[in-house]
Each structure stands twice: as C-alpha cells, then as structure tokens.
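Enquirer: Sequence and computational prediction follow.
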Amino acid sequence: MSVIAKIASLSRRDRISSVGYALSGVWLFLVALFWMLAPGGEGGGGGIARLMAVVGVALPLALIWLAVSLARSIAVLRAEAEDLRATLARMGGDIPEAPAPAPKPLHGGIAPAPDAPRPQSRPRLPEPPRPDAPRPDAQPSMALDAPPSQSVDAATLIRALNFPDGPDDHEAIDALRQALRDTTNSRVLRSAQDVVTLLAGRDIYMDDLPPDAAQADAWRRFAAGERGSAVASLGAVHDDQALEAVSAMLHDDDVFRDTAHHFLRNFDGLLARLVPELDDLQIAVMADSRSGRAFMLLGRVAGAFG
C-alpha cells in the first residue's frame, strides 16, 4: 500500500473509531439515565436479574465495536483497492504511447513526437489521416490490436513482481507496464495483485513479513518439479499471526481461497519458466519481492512445499 493510501485508510479508521466512541457514550448515558429514573425494587431481583442487567449493558457495546472493527477492515481494503486502480489507470494511459513492435499498416498513422505530453486515457488521433489509414473513429481502439504477447527480460519481470512503492516509483511502474504486455506474465501479476490486496484488507502486508533466505538450489529444485523435504525451506515466512490469519481465510473465505489457488498455480508456472534463466542473486531478489513473499506465505499454509 502506498503512503497516500495508508494515510487515507488511517483517516477513515479514525473517523470510524470516533463514531464507535460516540455510540458507546450515548448507550452508556441511556443506561445511566434508565437506572436513575427506574423505580427501585425491594429484593434487588436476585443473581439472575443482575446477570441479565450486565449482559444487557455489555452486549450492545460489544456489537458496536464489532461493527467498528469490520468497518475499519473494509476501509483498509477500499483504500488499497483505490490505490491499485489508480496505479493501473496510470499504466493504462501510458501503454498506447509505446512504439509498435512491427510496422503494420494499422499503426502507420500514429507517430507521436518524443516531446509530446503523455496521454492520460486514450491515444491521440493523427492529424490528417493518410489515404490507407483506417477511419478516424476506429483509432481509439488501436491499442487492442497490439500483438498479444511481448516478452520482457528477467530483470524487468523481477522488478515488476515487487510492484511500485507509490506514484513516484517510476522505474517499477515502467517495469510493470512492460511486463503486463506479456499475456502469460500479465496473468501472474494480476493474480498476485489480487492476493496482496485481499491480504492487506486483513492488515497483512508483505513489507512486514521478511522471509528467511532460502537457498537458490531449493528454488531450482521446486521449479524442476521436486517436492518434499528438499524444498521445505521455501516456506520461509514464520510470522505466526499471519500464518494463522491466512489459514483461517483459506478455510472460511471462498473468494480468497479461489484467488489464492489461482495465484499459486500461476506463480508455480512462472517459476518453471523463469528460474532456469536466473543466477543466485536474481533468485534471491525474486524471492524477496512482494509477489515472492506472498507465494511463500500462501504456499506454506496450503502445503505446497511438502
């Protein structure tokens, strides 16, 4: 989550807490008013009556703060989702500016100057259409006609797997934009974004879960299809609270379970393709990325490492 999204989330949570305090105060005031105005009894009502009175006072307070807790979790999830949508919107506006990989006639009329301002959401229309150019009303959809897959180098893909730290992380944004042009890598990156977003909604952030350093040989064995004790060290996230929370989410949340399994399958396939091309340092950087940490966390809980 970027700094801006965290600030927005904290602001919403503070407002929600203020509402919770106000409702609690109102309830306690009403209880005190009832006790002062209610007619007194001679026997005091006995132990059961006193127990019911305590429950009657405490239960609404518990419900109020349960609602506050749920609302704060929703606020965090909403802030993270808005931040990701903003990042993807910026990248979506940047993609049409990239040069076409092949001189197809469809792209013949598009030649933006190097110093032209970056478009926000749609590619610029060419000034005078050439005789062999498509109709002007068909130009905005040209980005959809780009080649379905454009491979990127391993360093760019690893940088994209860590996601941008915020709107000023131009290097990571550019790497993510390039990696999303590859159809296969796009599936991995989008499934990783979905998982990281859902985990952030439960206050589980990948930046707070530094893993133990796993041997590069273990990653190579896993990429080659080995399972069991030879690759058990890949479950290198040991935060007990995070492990318990993820286990509960996999058991109780159907949406998260499907999203997590989709991500694990995609990342497993990525490892099989990518790891044989990497040296030990690149494997370590990939494993320490936000996507790599999410894979180690979910893989350990799901028993993917044997």
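Expert: Thanks, I have the structure now.
Enquirer: can we go C-alpha only for contacts and neighbour counts from here?
Expert: Fine.
Enquirer: For Ala155, give me its contacts.
Expert: Going by CA atoms under 8 Å, 6 or more residues apart in numbering, Ala155 touches Gln282.
Enquirer: Can you point out the buried residues in the host helix or strand of it?
Expert: Following DSSP states H and E, the helix or strand that holds Ala155 is helix 154-161. Within helix 154-161, the residues scored as buried using 16 or more other CA atoms under 10 Å are 154, 156-161.
Enquirer: What of stretch 268-287?
Expert: Along stretch 268-287, these residues count as buried under the neighbour rule (16+ other CA under 10 Å): 268, 270-272, 274-275, 282-284, 286-287.
Enquirer: how about the helix or strand just after the helix holding Ala155 as CSV, C-alpha atoms only?
Expert: Per DSSP H and E, the first helix or strand lying C-terminal to helix 154-161 is helix 170-179. The C-alpha trace of helix 170-179 is given here as CSV (Å, rounded to 0.1, in the frame of the first residue of the first chain):
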residue,chain,number,x,y,z
HIS,A,170,8.7,5.4,-12.0
GLU,A,171,11.2,2.5,-12.5
ALA,A,172,8.8,-0.1,-11.0
ILE,A,173,5.8,1.4,-12.8
ASP,A,174,7.6,1.2,-16.2
ALA,A,175,8.7,-2.4,-15.4
LEU,A,176,5.1,-3.4,-14.5
ARG,A,177,3.8,-1.7,-17.7
GLN,A,178,6.2,-3.7,-19.8
ALA,A,179,5.5,-7.0,-18.1
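Enquirer: Centre of the chain to helix 170-179, how far?
Expert: Remark: helix 170-179 is offset 16 Å from the chain centroid, using CA atoms, centre = their mean, to the nearest Å.
Enquirer: From the contact counts, what lies against whichever helix or strand comes after that helix?
Expert: As assigned by DSSP H and E, the chain's next helix or strand after helix 170-179 is helix 183-200. Packing contacts for helix 183-200, counted by 3 or more CA pairs under 8 Å, 6 or more residues apart in numbering; DSSP states H and E, involve helix 46-94, helix 254-274, helix 290-302.
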